[in-house]
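1. Give me a 3D structure for the following:
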Amino acid sequence: MPILQLVIGNKNYSSWSLRPWVLLAHAGIPFEEVQLKFSDDATVIGVERWSPTRKVPVLWIDEQPVWDSLAICETVAEMFPEKRLWPAQATARRVARSVSAEMHSGFADLRKAMPLNIRSSHPDKGRTPGAMRDIERIASIWESCRGRFGAGGEFLFGAFSCADAMFAPVTLRFATYAVALPPIAQRYAEAMRALPAMQKWCAAARAETDFVAADEPYATR
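-> Numbers count the residues shown, from 1 in each chain. You can find the predicted model right below:
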């Protein structure tokens, strides 16, 4: 069994870290968590030891790093095929990879207007035109995937997959900012937030006391 170390940032703020963490935790894959902290400008303190890009997350596998959340999810799925972390059916798998990549590279307006902040509540914030367009697109992705491929469970492709891990932070953003969603998308977001692994991450996030100014556009110390 390879030795896995997942290097992450603050759980309250680090959406990128949440993705591989929830994938590993929900799949029951043993790993050691190495948590670093963000400075006020959102750089990662002490990251040079761990990450060639100076960003988190990074998954160390037997003393070799894999960086970037999507690359980590792909690597974990490849290492543990018995966990079935991509849909088995080819068409569903292609769509799962496409929407995962879209989430990974897109939705910049939403990220800027509604940064991940699990312990806060900002129901009247972040409604920029760009963010609202991103929300509409994300809801349409969720409804399409659930309608086409979701019959076997509560998640985008029925069973939990890498695609769900990639969208996990968005489901928490939508709670923080009280985003109204169509019924199918809302049920999906609620199913994701109810996952024991997500509940565990959120409990730890709410217990954190660090205040990172770059991730707190709607609050003061």
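2. and the gap between residue 220 and residue 40?
-> In this view, residue 220 and residue 40 are 13 Å apart by Cβ to Cβ, to the nearest Å. C-beta coordinates here come from the backbone N, C-alpha and C atoms, glycine included.
3. Compare these two and say which is more crowded by neighbours.
-> residue 40 (12 against 6; other Cβ atoms under 10 Å).
4. The more buried one should be in a strand, yeah?
-> No - counting by DSSP: H, G, I helix; E, B strand; the rest coil, residue 40 falls outside a strand, being coil.
5. And the protein, what are its domain boundaries?
-> 4-83, 90-203 (automatic domain parsing).
6. Quick check: which of those is nearest to residue 214?
-> domain 4-83 (3.9 Å; Cβ to Cβ).
7. For the closest one, measure first residue to last.
-> 16 Å (Cα to Cα, to the nearest Å).
8. Any idea what the residue lying closest to residue 34 once chain neighbours are set aside is bridged to?
-> In this structure, residue 34 finds its nearest non-sequential neighbour in residue 7, 4.5 Å apart by Cβ to Cβ, 6 or more residues apart in numbering. Beta-bridge partners recorded for residue 7 (DSSP bridges): residue 34, residue 58.
9. Please give me every residue in contact with residue 7.
-> 34, 35, 36, 47, 50, 51, 56, 57, 58, 59, 60 (Cβ atoms under 8 Å, 6 or more residues apart in numbering).
10. Where do the strands of the protein begin and end?
-> Counting by DSSP state E, the chain has these strands, from start to end: 4-8, 32-35, 37-38, 44-45, 58-61, 64-67.
11. Let me know the pLDDT of residue 221.
-> Looking at residue 221, its pLDDT is 65.
12. so what's the residue lying closest to residue 151 once chain neighbours are set aside up against?
-> Of all residues not flanking residue 151 in the chain, residue 158 sits nearest, at 6.1 Å (Cβ to Cβ, 6+ apart). Neighbouring residues of residue 158 by Cβ under 8 Å, 6+ apart: 87, 149, 150, 151, 152.
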